[in-house]
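Participant: just to be clear, the model below is a prediction. Sequence and coordinates:
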Amino acid sequence: MASSLTCAGVVWAFVSFLCATASCVGFFMPYWLLGSQLEKSVSFGTFRRCSYPVRDESRQTTVMVEQCGRYASFQAIPSAEWRICTVVTGLGCGLLLLVALTALMGCCVSELISRTVGRVAGGIQFLGG
């Protein structure tokens, strides 16, 4: 198995993959903010939430739905700031994963990653982070 990476490049590829994986897992988990509401533990992230209040029209009260789920639509995300955060974080995770997978392929394929490609990939990682 030929490689186009130096020893430092191989370490960079594996660390990049671990960081991209951790970023993607963090993006998809709804545990960004933790708290309590109506005496129940609640948590939510940019597009997922756990234990959220819902208006029960038949009883004219607010009840807690004790399950995790995503917002029904992009517009259902509570604020414009959270929508922007969802888009920016999702794009960043996508860029990080793209660079990490390309770097891992460079461990197996010779002449895939040159010095210029490595510098561009580092710049993309900087933007993605």
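Facilitator: Looks like it arrived, so ask away.
Participant: for residue 63, list the residues it contacts.
Facilitator: With contacts defined as CB atoms under 8 Å, 6 or more residues apart in numbering, residue 63 is in contact with 53-54, 56. Any C-beta I mention is one placed from the backbone N, CA and C, and that applies to glycine too.
Participant: flag the shaky bits of this protein, pLDDT-wise.
Facilitator: For the chain, the stretches with pLDDT under 70 are 1-4, 129.
Participant: would you mark the buried spots in the top helix by length along it?
Facilitator: In terms of residue count, the longest helix belonging to the chain (DSSP state H) is helix 80-106. In terms of neighbour count (16 or more other CB atoms under 10 Å), helix 80-106 has its buried residues at 82-83, 85-86, 89, 92-93, 95-97, 99-100, 102-104, 106.
Participant: any of the contacts of residue 63 buried? List them.
Facilitator: Applying the neighbour count, that is 16+ other CB under 10 Å, there are no buried entries in the contacts of residue 63.
Participant: go through those residues and name the one nearest residue 75.
Facilitator: Each of the contacts of residue 63 was checked against residue 75 using CB to CB; the closest is residue 54, at 17.4 Å.
Participant: just confirm that closest one is within a strand.
Facilitator: Yes: Residue 54 forms part of a strand when assessed by DSSP: H, G, I helix; E, B strand; the rest coil.
Participant: out of everything not next to it in sequence, what's closest to it?
Facilitator: On the basis of CB to CB, 6 or more residues apart in numbering, the spatially nearest residue to residue 54 that is not a chain neighbour turns out to be residue 65, at 5.2 Å.
Participant: send the alpha carbons of the helix or strand harbouring that neighbour over as CSV?
Facilitator: Secondary-structure element containing residue 65, defined by DSSP states H and E: strand 61-70. Extracted in CSV, the C-alpha atoms of strand 61-70 (Å, rounded to 0.1, in the frame of the first residue of the first chain):
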residue,chain,number,x,y,z
THR,A,61,-52.6,23.3,29.2
THR,A,62,-49.0,22.9,28.3
VAL,A,63,-47.6,19.4,28.6
MET,A,64,-44.1,18.1,28.2
VAL,A,65,-43.3,15.6,25.5
GLU,A,66,-40.6,13.4,26.9
GLN,A,67,-38.9,12.2,23.8
CYS,A,68,-36.1,13.4,21.5
GLY,A,69,-36.8,14.6,18.0
ARG,A,70,-35.9,17.2,15.3
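Participant: no more questions from me, cheers.
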